[in-house]
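Participant: Show me the folded form of this:
(chains A, B and C)
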Amino acid sequence: MDQPEEKEIAPSNEGFQYRMGLNDNKAGMEGLDKEKINKIIMEATKGSKFYDNELKKDQQVNQRIEKMLQQKSQLTSSQLKMAQVQVEKMTLELERSRDLSRFIVHVDMDAFYAAVEMRDNPELKDKPMAVGSMSMLSTSNYVARRFGVRAAMPGFIAKKLCPNLQIVPANFDKYRAVSKEIREIFSEYDPNFLPLSLDEAYLDITDHLEERLTRPEDRRTFTVKNGHAENGDPPAEVKAKCEPEETCTSPVLFEDSPTFLPDQCHDFSRQDLKCENQERPQENVFVFGTSAEEAVREMRFRIEQKTTLTASAGIAPNMMLAKVCSDKNKPNGQYIILHERQAVMDFIKDLPIRKVPGIGKVTEKMLRALGITTCTDLYQQRALLSLLFSDTSWHNFLHISLGLGSTRIERDGERKSMSTERTFSEISSAEEQYELCRELCKDLAEDLSKEGLKGRTVTLKLKNVKFEVKTRASTVSYAVSTEEEIFSVAKDILKAEIDVASPEPLRLRLMGVRISGFLCEDDKKHQKSITSFLGSNKAVKTMCSGTVDPKATQNPAPQRESFFNQKRAARLQGLEQGSTSNAVTSKEQNVAHPSSEPQQDFTEVDQICQDPDFTCPICMMKKSDWNLEAFNRHIDQCLSKSPTSGNGEILSKCEDVFENCSDKAKKSNKGVGKDVRIKNLKNKMVTLAPSDDMDDFVIDNNTMHTLHDQRVKSDSCRDKIICENSMENPQVEGDVGGNNTDVSKPASSLCSATCSEGAVFICPVCNIQQDTSDLAVFNRHVDVCLNNGILEELKGQNTNLDPKHPVRNDPQNGMAVRGNAGNKSNARSKRPGAAQQNPASKKAKTQRSSLTIDAFFK
DNA sequence: TTCAGCTTT
DNA sequence: TCCCAAAGCTGAA
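Facilitator: Sure thing, here's the model as predicted:
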């Protein structure tokens, strides 16, 4: 981004000032000197509410520093010694793991937005200009920077610094288009490059360099016509000779920036530039070498030719160093740290900590208070830091001080939150605030929909006219994504804040809405399966509003190319090819989709159908040649080998499921354990999963097979109720279960201990209610039934059964289910925690024992 | 785990 | 006219 280059406001004890950047030493030439700049800024800001707030924040940092220094003064020498030992140990470990094998590049476009605007309007080229508005500037060109005009500075102050400043409104569509061009080039050097923003990216060019060694020269040769290549690279075979310095008219956007030609580049080998064709002065040919510097230079060259914009780059063994390097020769330059430990340490030695990504103004100030300003200081004080900062922080400091950073560019980071916020002139009317809130929710819902995300936590951010920022969050038990859903949560938060401020109005200048706590993939599948099987004839109702959002069910948010969609495609293909093994019978389709409409949504059922995963839940072994029988046999063996660990694990999963039920019940504030049915088969497991009416939990087939029986035995196991309870029969509620948290015990023993009189025991095999309240007796009955082979018989009745994909038609929820043995992920995906609830659905259930989920495991 | 505030870019 | 937006992290409860 532009911002890292042009640092923002840095408050200090004396107030605050805009931080001076790299070219500050040049400020005096045509612009203003530092002192004058600060004076103007101070005059423009002093006394404003913003300024007051900055001072307040600054005071808070000072207090933190004071507290830290006090802590420091209380440290004993033995504490320090111990810390020293600890950090030494860690230092050694880190040193051992140092990886110098990668070539990581950080590329950053120079004053990107400003450069684009100057390119498109050459009149701006020699004038001080900035992109943004009177309220805020995104970036400025290098002429303006001499006057102290920087990113994150309000335009009106910039105008005071530089009255001739031209402020151009940002045009993000244009920047995105240019960014696309740049990224096309990046991808040729690293197809998995990591974009950080429109103008900045990390690349790992290690593989490219390996390939580059064998790349013929013509593929490293680029021609410039009249100083500018037309969009794209010229044919490699076109070769011409010239003197590059004379004819390469690099689009110099900044007076003080060098041309492309890399005199300023570290370790540049001029021999790599060949100028061979004097007869064709209109065409210049550049041949780039095979080294890392050459590859990066070539990349920058191509960017410049394609966009007429310049980029700076850093090459280093890790991301942290590469980022620092890219700043070293900015603008339009590059820098490499050789891949040797000593080179890294030399580079780090005098590096000011503030240059390191992740160390901002507050951290800098805190470290400065400890006398730490360079990375060497950081290294020397590492023991002290380990005592004063959190683990995360001092580990980070230690990494920095050793010049270590991430050596793999991974797009691991699944997004953790998404938000939108808006600044406006004061809004004090509640009505307008609600309206705005709804608008923000709408925007956010659209953004979420683009990425197919749903989250459980809604955060409202409010900034009042005094610039005081408040965030208020609320986590709900279901994932929200639509405007209605988000608003129903956000408006309650807003209401609470309005109430708190009452009778004074809430005087806001900013409002933001954020969603976090996104469903993990498994949860998504789970939620999807729930909504889809309900979707055909039931609207998914949300707890918050009690209203139905038709969009939520009729037009589900577009998902990223999911596992399901892939499977769907595969399945459709399979069907087309006449494959019958995985085909869903028409009966199932009718059951699952009563409307007989084409199947629009694919549920976990699809996964089960398509992907029988015979991974043993005990030992996690997986064999491709296992069939159901062999798999079951294996599990039996596993269980008999290590009954404790096996059951322990199973039971802990079981507990997990219970916990979720319990949480759900707690959050619904409607009491726990209502309408919970518990299944127990063969004394091994008890588990729960959401049933069709969402108020109601029954054992889920898959979970049961995975966690409970550990075997795929039968289609008819489902829905046989061992032990049920109901809100309507609360006489035992609360006093069952006691404090039994021993999950190592078979669940049946827990159940025996906790089921109270009145439990209904229906054998899952013969489906006959048993005249007993003793679980052990009941379980024995089930075992007998099982041993009688009734299940096998039942299974045999289903003529559509693929031995690998037994199909169960669930009469209760209308869901066709194909069983597989299940695995960890399946089990997780069945967690009821993400289930949507329908509080309106309260079936009257009578004469059931009351067994609370909470009580069950607590 | 949740939430509010902080930090960074 | 007049001082951002978005995301991740931390620490306390």
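
Participant: beta partners of A:V469?
Facilitator: Assessed by DSSP bridges, A:V469 has beta-bridge partners A:K463.

Participant: Hmm, A:K461 and it touching each other?
Facilitator: Yes: at 6.7 Å, A:V469 counts as touching A:K461 under the criterion of Cβ atoms under 8 Å. In this view, the C-beta of every residue, glycine as well, is placed from N, C-alpha and C.

Participant: list residues touching both of those two?
Facilitator: A:L510 (Cβ atoms under 8 Å, 6 or more residues apart in numbering).

Participant: Which of these two has more residues huddled nearby?
Facilitator: A:K461 (18 against 13; other Cβ atoms under 10 Å).

Participant: how about the more buried one, what does it touch?
Facilitator: By Cβ under 8 Å, 6+ apart, the neighbours of A:K461 are A:S419, A:E421, A:V469, A:K470, A:T471, A:L510, A:M511, A:G512, A:V513, A:R514.

Participant: Please repeat the previous calculation with a cut-off of 7 Å.
Facilitator: By Cβ atoms under 7 Å, 6 or more residues apart in numbering, the contact list for A:K461 reads A:E421, A:V469, A:T471, A:M511, A:G512, A:R514.

Participant: so what pLDDT did it get?
Facilitator: pLDDT, A:K461: 91.

Participant: State the distance from it to A:K454.
Facilitator: Using Cβ to Cβ, to the nearest Å, we find A:K461 at a distance of 20 Å from A:K454.

Participant: again with A:K328
Facilitator: Counting by Cβ to Cβ - A:K328 and A:K454 are separated by 43 Å.

Participant: Check which residues of stretch A:463-481 are buried.
Facilitator: A:K463, A:N464, A:F467, A:R472, A:V476, A:S477, A:Y478, A:A479, A:V480, A:S481 (16 or more other Cβ atoms under 10 Å).

Participant: and the residues you listed as CSV, adding distance to A:D120 and secondary structure?
Facilitator: Formatted as CSV, the buried residues of stretch A:463-481 follow (distance: Cβ to Cβ, whole Å; DSSP: H, G, I helix; E, B strand; the rest coil):
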residue, distance to A:D120, secondary structure
A:K463, 34, strand
A:N464, 39, strand
A:F467, 35, coil
A:R472, 43, strand
A:V476, 47, strand
A:S477, 51, strand
A:Y478, 48, strand
A:A479, 43, strand
A:V480, 42, strand
A:S481, 38, coil
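
Participant: any idea which of those residues is closest to DNA strand B?
Facilitator: Nearest to DNA strand B among the buried residues of stretch A:463-481: A:R472, at 3.9 Å, using Cβ to the nearest atom of the strand.

Participant: Residue in the stretch 451-600 of chain A with the shortest distance to DNA strand C?
Facilitator: Closest point on the stretch 451-600 of chain A to DNA strand C, by Cβ to the nearest atom of the strand, is A:L510, at 5.3 Å.

Participant: Secondary structure class of that residue, three-state.
Facilitator: For A:L510, the secondary structure call by DSSP: H, G, I helix; E, B strand; the rest coil comes out as strand.

Participant: which ones are touching the closest residue to it other than its chain neighbours?
Facilitator: Leaving aside its chain neighbours, A:L510 sits nearest to A:K463 (3.6 Å; criterion: Cβ to Cβ, 6 or more residues apart in numbering). A:K463 is in contact with A:V469, A:L508, A:R509, A:L510, counting by Cβ under 7 Å, 6+ apart.

Participant: how does it look with 6 Å?
Facilitator: A:V469, A:R509, A:L510 (Cβ atoms under 6 Å, 6 or more residues apart in numbering).

Participant: got it, and A:A316?
Facilitator: Counting by Cβ under 6 Å, 6+ apart, A:A316 has contacts A:I104, A:A322, A:C325, A:I337.

Participant: List the beta-bridge partners for it.
Facilitator: Going by DSSP bridges, A:A316 forms beta bridges with A:I104.

Participant: returning to what we had before: can you narrow the buried residues of stretch A:463-481 down to the ones near DNA strand B?
Facilitator: A:R472 (Cβ under 7 Å from any atom of the strand).

Participant: is it possible to export the buried residues of stretch A:463-481 to TSV including distance to A:R219?
Facilitator: Below are the buried residues of stretch A:463-481 laid out as TSV (distance: Cβ to Cβ, whole Å):
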residue	distance to A:R219
A:K463	54
A:N464	60
A:F467	55
A:R472	57
A:V476	56
A:S477	57
A:Y478	55
A:A479	49
A:V480	51
A:S481	47
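
Participant: Could you export the buried residues of stretch A:463-481 to CSV, including columns for distance to DNA strand C?
Facilitator: Listed next are the buried residues of stretch A:463-481 as CSV, based on distance: Cβ to the nearest atom of the strand, whole Å:
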residue, distance to DNA strand C
A:K463, 7
A:N464, 12
A:F467, 7
A:R472, 13
A:V476, 17
A:S477, 18
A:Y478, 20
A:A479, 16
A:V480, 15
A:S481, 14
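
Participant: the strands in the stretch 101-250 of chain A, which residues?
Facilitator: Applying DSSP state E, counting those that start in this stretch to the stretch 101-250 of chain A gives strands spanning A:104-109, A:129-132, A:137-140, A:166-168, A:194-197, A:200-204, A:221-225.
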